[in-house]
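Q: using only what follows, build the 3D model:
(one chain, ligands or ions: 1)
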Amino acid sequence: MDNTHSFDHRTSSEGLDAQPVNWELAVASMESVLSQSSAHRKTRLVDLLVQAENMLMDARRIRQPQLANALDRLLHAIQQELISPAEDFSRLIRLIRHIDRIIKNMLLISHKDALPVALIISAQEPSDVLRDALSRAGFAPRTINAQVLNQALEHDKIKALADEAELIMLLAQDDESFANLELPFTLLENELRHKTSLLISSKDSFQIRAASAKAGVSHFLTEPLDVSRLNMLLQSSRILDEENKPLRVLMVDDMVTAGVYWGKHFQKQNINFRFESKPEQAYRSAVEMQPDIILLDLYMPDIDGIDLAKIFREHPRLLDVPILFMSTEENDRRRMNAKIQGGDDFLNKTIAIDDLLKMVRYRALRYRQSMAEKRSDSLTGLLNHNAIKDLVEAEIDRANRQNQPLSVVLIDIDHFKNVNDTFGHQAGDIVIRKLSNLLNTRLRRYDGVGRYGGEEFMITLPNTDEQTAAHLINRLRVQFGQSAIRTENGSNMLCTFSAGIASFPRFLDLTSLIEAADQHLYVAKANGRNRVVCSEEALGASPPKPD
Ligand SMILES: Nc1nc2c(ncn2[C@@H]2O[C@H](COP(=O)(O)OP(=O)(O)OP(=O)(O)O)[C@@H](O)[C@H]2O)c(=O)[nH]1
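A: Now for the predicted structure:
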């Protein structure tokens with residue numbers, strides 16, 4: 001390999017101002033730091049730490065989760081060396097060689113967005129299962145040794161890392177009493193409450209669960225890890241963050257002045273607040289806006305709030321949205337009735353504004369979280385069948401409004417039954433995850449990737465015409481076909497996929513787009529597999545006709 005070659009293939013049109021990284025030079029420089037026997041041991045380790053941190057930032061920026069993962073391991077090992085020195089640097093040297101191998105195998109497609117960070121605070125090296133799950137969900141791990149934290153070192157830096165991270169994980173190991181969690185609980189109090197946070201404990205006790213809930217940790221998991229649940233939580237937190245839009249609140253009350261009064265307070269909190277005083281319009285708004293919570297007046301002149309809640313609940317999009325009734329009703333039976341008939345709770349209109357805002361935020365966020373979990377596939381963490389179809393529909397609307405192209409891709413792994421029959425079902429699952437990982441990390445952040453069926457994936461590529469989509473998917477096809485997949489028993493296998501592409505505006509609605517992509521996939525299979533097919537002129541040459 002040419003030593004001056006840079007793996008960063010960004011073009012100036014992508015507008016990134018950072019310099020391309022010469023990765024091989026960076027690894028060589030790390031090796032040379034370790035071999036400088038004249039320098040003090042600690043100085044060498046600190047130099048190495050700084051270099052590895054810079055490389056980790058670059059690996060995140062160019063969305064290389066495998067490299068980010070390996071660099072994070074190295075950082076953890078350097079911290080360990082600083083705390084309890086080993087005899088030689090053999091572990092560090094092994095890790096650097098591993099990083100070198102990853103770099104040599106890297107084949108990059110350029111990306112605009114950095115990988116989001118998962119900050120892990122742990123006394124021990126995080127397990128491969130955990131690292132794998134993070135990498136699949138598209139997170140770059142950043143591990144802080146819990147001992148560093150306990151020695152009160154660099155608390156500001158840790159807070160800054162937590163501030164930047166999208167996800168915070170605390171690992172409580174066997175040898176720890178939960179008292180050791182008090183420091184991270186206090187130091188990161190704000191971050192744990194306002195970001196997605198997970199506590200993974202090797203013990204399950206009520207005490208630790210209570211402490212975790214009190215500290216505002218979003219999810220509690222125990223060892224051995226339930227991998228499907230972990231995948232789902234991680235991915236749903238990505239879905240949640242990707243939405244990253246202000247909470248949507250709909251208030252319905254016949255008193256227009258109530259809307260003016262509450263609206264002022266909600267808007268100050270950066271909440272997307274809509275007020276309706278007429279029931280019919282309220283229903284239309286609810287369907288269109290898909291609120292995260294509805295605040296409903298119990299008594300209105302045209303319709304009873306209880307009946308309006310029933311109408312809301314009949315719409316599939318509003319089936320689970322939390323509804324809070326607001327009234328001055330003192331009658332317990334009627335309050336209970338309001339709950340039974342489809343309202344989630346009952347609030348007195350005299351509630352203090354701060355209490356209402358807190359309650360609304362909490363309920364609405366919980367609803368978003370549960371919707372995100374419902375939308376993700378448990379094996380891969382990608383969007384599931386219904387969620388990716390909903391996304392195609394929403395993207396068609398957007399493409400229509402903005403007069404932009406949109407491509408939809410259906411991918412199916414070739415001869416997948418043979419993979420299962422030859423290597424076993426678990427190996428089949430590894431192949432599915434490998435492809436999902438490739439798609440998830442190599443496509444742009446605003447592209448949608450879903451598991452459409454068993455070994456079938458669906459992708460939305462907004463603002464991408466058919467020809468561009470075909471070239472992009474073809475590159476992924478080549479890359480997937482070339483990378484050997486290692487099964488749990490150590491065998492290597494090579495797999496390929498076929499893909500069919502259809503684009504808007506040639507096909508105008510959900511059904512015709514999916515049907516066309518499916519037809520093109522069928523043609524790809526019929527013509528020998530391991531190929532990408534779209535409408536005939538897209539590839540210029542001679543893609544076969546769909547029928
Ligand atoms: N391991 C694993 N296998 C699955 C999963 N979902 C579906 N499958 C298997 O995927 C195989 C799909 O096989 P087929 O539809 O016959 O197609 P194929 O063998 O991929 O052949 P072509 O698509 O024609 O190239 C079936 O054996 C399913 O049991 C899954 O989640 N995990």
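
Q: just to be sure, Val449 is in a strand?
A: Yes. When classified by DSSP: H, G, I helix; E, B strand; the rest coil, Val449 is found to be part of a strand.

Q: how close does the closest residue to it other than its chain neighbours sit to the ligand?
A: Take Val449 and drop its neighbours on the chain: the residue closest to it by C-beta to C-beta, 6 or more residues apart in numbering is Leu439, 4.7 Å away. Placement of C-beta: from N, CA and C, glycine included. Separation of Leu439 from the ligand (C-beta to the nearest ligand atom, to the nearest Å) stands at 16 Å.

Q: do the same with Thr186
A: Taken as C-beta to the nearest ligand atom, the span from Thr186 to the ligand is 43 Å.

Q: what is the burial count for that residue?
A: 10 (other C-beta atoms under 10 Å).

Q: just the pLDDT at it, thanks.
A: Thr186 carries a pLDDT score of 85 in this model.

Q: quick check: buried residues in the helix or strand hosting it?
A: Element membership for Thr186 (DSSP states H and E) is helix 182-187. Under the neighbour-count criterion of 16 or more other C-beta atoms under 10 Å, helix 182-187 has 184-185, 187 buried.

Q: picking up where we left off before, do I have it right that the residue nearest to Val449 meets Leu461?
A: No. Applying C-beta atoms under 8 Å, one finds Leu439 not in contact with Leu461, separated by 11.2 Å.

Q: from memory Tyr283 sits against Phe312, does it?
A: Yes. Between Tyr283 and Phe312 there is a contact at 6.9 Å, judged by C-beta under 8 Å.

Q: looking at those two, which one has more neighbours?
A: Between Tyr283 and Phe312, counted using other C-beta under 10 Å, Phe312 has the larger neighbour count: 24 against 19.

Q: skipping adjacent residues, who's closest to the more buried one in space?
A: Closest to Phe312 by C-beta to C-beta, 6+ apart is Leu318, at 4.6 Å.

Q: can you give me how far stretch 273-291 is from the chain middle?
A: 30 Å (C-alpha atoms, centre = their mean, to the nearest Å).

Q: and it, average pLDDT?
A: 91.

Q: and stretch 411-419, by the same measure?
A: 96.

Q: whichever residue of the stretch 251-400 of the chain sits closest to the ligand: how many residues sit nearby?
A: Relative to the ligand, the nearest point of the stretch 251-400 of the chain is Leu379 (5.8 Å; C-beta to the nearest ligand atom). Residues near Leu379, counting by other C-beta under 10 Å, number 17.

Q: quick one: it from Asp429, how far?
A: 6 Å (C-beta to C-beta, to the nearest Å).

Q: shared neighbours of these two, which are they?
A: With contacts defined as C-beta atoms under 8 Å, 6 or more residues apart in numbering, no residue is adjacent to both Leu379 and Asp429.

Q: before we move on, back to that, show me what contacts the residue nearest to Phe312?
A: Contacts of Leu318 (C-beta under 8 Å, 6+ apart): 286-287, 290, 294, 312.

Q: just the CA trace of the helix holding Thr186, in PDB.
A: Extracted as PDB, the C-alpha positions of helix 182-187 are listed here (Å, rounded to 0.1, in the frame of the first residue of the first chain):
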ATOM      1  CA  GLU A 182     -22.700   7.700  43.900                       C
ATOM      2  CA  LEU A 183     -19.900   9.700  42.300                       C
ATOM      3  CA  PRO A 184     -21.100   9.300  38.700                       C
ATOM      4  CA  PHE A 185     -24.600   9.800  39.900                       C
ATOM      5  CA  THR A 186     -23.700  13.100  41.500                       C
ATOM      6  CA  LEU A 187     -21.200  14.300  38.900                       C
END
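
Q: any idea which helix or strand comes after it?
A: According to DSSP H and E, the helix or strand after helix 182-187 is helix 189-194.

Q: how about the CA coordinates for that next one, as CSV?
A: Extracted C-alpha coordinates of helix 189-194, given in CSV (Å, rounded to 0.1, in the frame of the first residue of the first chain):
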residue,chain,number,x,y,z
GLU,A,189,-26.7,14.2,37.5
ASN,A,190,-28.0,16.5,34.8
GLU,A,191,-26.7,14.4,31.9
LEU,A,192,-28.2,11.2,33.3
ARG,A,193,-31.6,12.8,33.5
HIS,A,194,-31.7,14.6,30.2
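
Q: of the contacts of Leu318, which belong to strands?
A: Ile294 (DSSP state E).

Q: can you confirm Phe275 is in a helix?
A: No. Remark: Phe275 does not belong to a helix; assigned using three-state DSSP, it is strand.

Q: so Lys325, which of the three states?
A: Not quite, residue 325 is Phe, not Lys. Classified using three-state DSSP, Phe325 is strand.

Q: and the contacts of Leu318 as CSV, adding distance to the ligand?
A: Shown next, in CSV, are the contacts of Leu318 (distance: C-beta to the nearest ligand atom, whole Å):
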residue, distance to the ligand
Ala286, 36
Val287, 34
Gln290, 30
Ile294, 37
Phe312, 36
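
Q: near the residue in the stretch 301-450 of the chain that the ligand sits nearest to, how many other residues are there?
A: Using C-beta to the nearest ligand atom, the closest approach of the stretch 301-450 of the chain to the ligand is made by Gly428 at 2.5 Å. Using other C-beta under 10 Å, Gly428 has 22 other residues around it.

Q: separation between it and Asp302?
A: 57 Å.

Q: now do Gln369
A: Gln369 is 34 Å from Asp302, by C-beta to C-beta.

Q: more crowded one of the two?
A: Gln369 (18 against 11).

Q: what does the protein have sitting close to the ligand?
A: 379, 412-417, 420, 425, 428-429, 432, 454-455, 525, 529 (C-beta under 6 Å from any ligand atom).

Q: phi first, then psi, for the residue in the stretch 101-250 of the chain positioned nearest to the ligand.
A: The nearest approach of the stretch 101-250 of the chain to the ligand comes at Ser228, 11.5 Å away (C-beta to the nearest ligand atom). The phi/psi pair for Ser228 (degrees, to the nearest 10) reads phi -70, psi -40.

Q: can I assume the residue of the stretch 251-400 of the chain closest to the ligand is in contact with Arg229?
A: No. Applying C-beta under 8 Å as the test, Leu379 and Arg229 come out as separate, 11.9 Å apart.

Q: low-confidence ranges, the stretch 51-200 of the chain, go.
A: 105-114, 136, 149-153, 174-179 (pLDDT under 70).

Q: pLDDT weak spots in the stretch 301-450 of the chain?
A: 329-330, 332, 334-336, 338-343, 445.

Q: for the helix or strand Lys157 falls within, list the C-alpha coordinates in CSV.
A: Here Lys157 sits within helix 155-164, counting by DSSP H and E. Only the C-alpha atoms of helix 155-164 are listed here, as CSV (Å, rounded to 0.1, in the frame of the first residue of the first chain):
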residue,chain,number,x,y,z
HIS,A,155,-13.9,15.7,36.4
ASP,A,156,-14.4,18.7,34.1
LYS,A,157,-13.2,16.7,31.1
ILE,A,158,-15.6,13.9,32.0
LYS,A,159,-18.5,16.3,32.3
ALA,A,160,-17.6,17.8,28.9
LEU,A,161,-17.5,14.3,27.4
ALA,A,162,-20.9,13.5,28.9
ASP,A,163,-22.2,16.7,27.6
GLU,A,164,-21.2,15.8,24.1
